[in-house]
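Colleague: Sequence and predicted model, in that order:
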Amino acid sequence: MIKNTWQAVPGHPEIQVGQYIVPNFVSNSIAIQCNENEYILISPGEPLIENWKQLFPPQAKLHIVFPNAYHHLGVKAWLKLFPDTQLYASKLAISQLHKKGFENTSILALEVNPPPLPNDFYLRFPPGHRAGDVWVGKHSKESGDLWITCDSVLNYARVSNQPIARFLQKCLGAAPGLKISQVVKWFILNDRQAFKHWALQQLAQDKPTTLIPSHGEVKTDKSLLSQLENLLKSRL
């Protein structure tokens with residue numbers, strides 16, 4: 001995928017993914033089209049603004065979702081350009097975001113006031129996360145569900161070319177392929193067993209075949225369910 005550009009997810013034309021580097025690691029922003037002039041952005045990165053202005057209608061109504069309290073670095077740059085944007089986060093994330101420079105900003109709690117997701121989409125609130133993670137999913141009877149999972153799962157195709165990033169990935173077990181890094185295991189999760197039990201139940205219910213992580217590559221695979229199941233059982 002070309003960095004700093006938005007590209008449609010194969011088989012899901014209403015979903016665009018934009019990749020950018022921050023810092024030294026591939027990060028993903030996700031855009032979901034609600035209707036002709038309305039979009040939901042998940043963790044929008046500042047480097048993607050220029051390409052957005054080239055591709056999308058300038059009058060579009062935006063809704064920005066913080067997928068957790070850590071994913072906030074690009075939001076103020078988007079708000080500066082699109083001041084009428086509505087912000088959303090989980091209740092737990094909101095309490096932390098108010099301490100990270102958003103104390104005077106209106107943020108709606110997703111549990112009570114979700115954004116206008118298309119009919120086939122849904123929200124998931126995984127337990128056991130310190131920063132109030134939120135996942136977004138899409139039902140698809142034909143091809144299996146799509147999951148947008150924030151930091152819980154990584155999918156770097158290879159280890160980084162950057163020496164520091166490569167060293168960290170190897171030390172933390174963060175690449176290559178589907179991984180749950182040591183950072184997630186020891187610092188992001190505060191109840192690993194609760195998350196593991198919940199995630200295994202959700203896998204059995206949703207049967208996802210496409211994964212969009214916050215970091216790494218989009219993965220579409222008919223065996224994704226079993227791969228994620230084995231990952232959860234072996235890493236947590």
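Modeller: Here it is on my side, so go on. Keep in mind that what you see is a predicted model, and the values were worked out from it rather than measured.
Colleague: Show the pLDDT at residue 166.
Modeller: For residue 166, the model assigns a pLDDT of 57.
Colleague: likewise the one 3 residues further on?
Modeller: Note for residue 169: predicted pLDDT of 58.
Colleague: The closest residue to residue 9 other than its chain neighbours is in what secondary structure piece?
Modeller: Residue nearest to residue 9 in three dimensions, not counting chain neighbours: residue 15, with 4.5 Å by CB to CB, 6 or more residues apart in numbering. In short, each C-beta sits where N, CA and C put it, glycine included. Residue 15 belongs to strand 12-21 when assigned by DSSP states H and E.
Colleague: Report the helix or strand with the lowest average pLDDT across the protein.
Modeller: helix 163-172 (a mean of 56; mean pLDDT, DSSP states H and E).
Colleague: Look at the most centrally placed residue in the chain and give its secondary structure.
Modeller: With distances taken as CA atoms, centre = their mean, residue 150 lies nearest the centre of the chain, 3.5 Å away. Secondary structure assignment for residue 150 (DSSP: H, G, I helix; E, B strand; the rest coil): coil.
Colleague: Spit out the contact partners of it.
Modeller: 43, 67, 68, 71, 133, 134, 135, 213, 214 (CB atoms under 8 Å, 6 or more residues apart in numbering).
Colleague: Over to residue 82?
Modeller: Residues near residue 82 by CB under 8 Å, 6+ apart: residue 62.
Colleague: Mind pulling up the pLDDT for it?
Modeller: Reported pLDDT for residue 82: 94.
Colleague: ok, now the one 4 residues further on?
Modeller: Residue-level confidence at residue 86 comes out at 97, pLDDT.
Colleague: sorry, back to before: can you turn the buried part of the contacts of residue 150 into a PyMOL selection?
Modeller: Typed into PyMOL, the line below selects the buried ones among the contacts of residue 150, using 16 or more other CB atoms under 10 Å:
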select buried, resi 43+67+68+71+133+134+135+213+214
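Colleague: can you tell me which two in the contacts of residue 150 are farthest apart?
Modeller: Pairwise distances across those (CB to CB) peak at 13.8 Å, for the pair 134 and 213.
Colleague: Tell me what residue 39 is bridged to.
Modeller: Residue 39 has these beta-bridge partners by DSSP bridges: residue 33, residue 62.
Colleague: In contact with it, which residues?
Modeller: In this structure, residue 39 makes contact with 31, 32, 33, 56, 60, 61, 62, 63, judged by CB under 8 Å, 6+ apart.
Colleague: What subset of those residues is buried?
Modeller: Listed as buried from the contacts of residue 39 are 31, 32, 33, 56, 60, 61, 62, 63; burial here means 16+ other CB under 10 Å.
Colleague: Output those in a markdown table; the columns should cover distance to residue 101 and pLDDT.
Modeller: Putting the buried ones among the contacts of residue 39 into a markdown table (distance: CB to CB, whole Å; pLDDT from 0 to 100) gives the following:
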| residue | distance to residue 101 | pLDDT |
| --- | --- | --- |
| 31 | 23 | 98 |
| 32 | 25 | 98 |
| 33 | 29 | 97 |
| 56 | 26 | 92 |
| 60 | 25 | 92 |
| 61 | 24 | 95 |
| 62 | 19 | 97 |
| 63 | 20 | 98 |
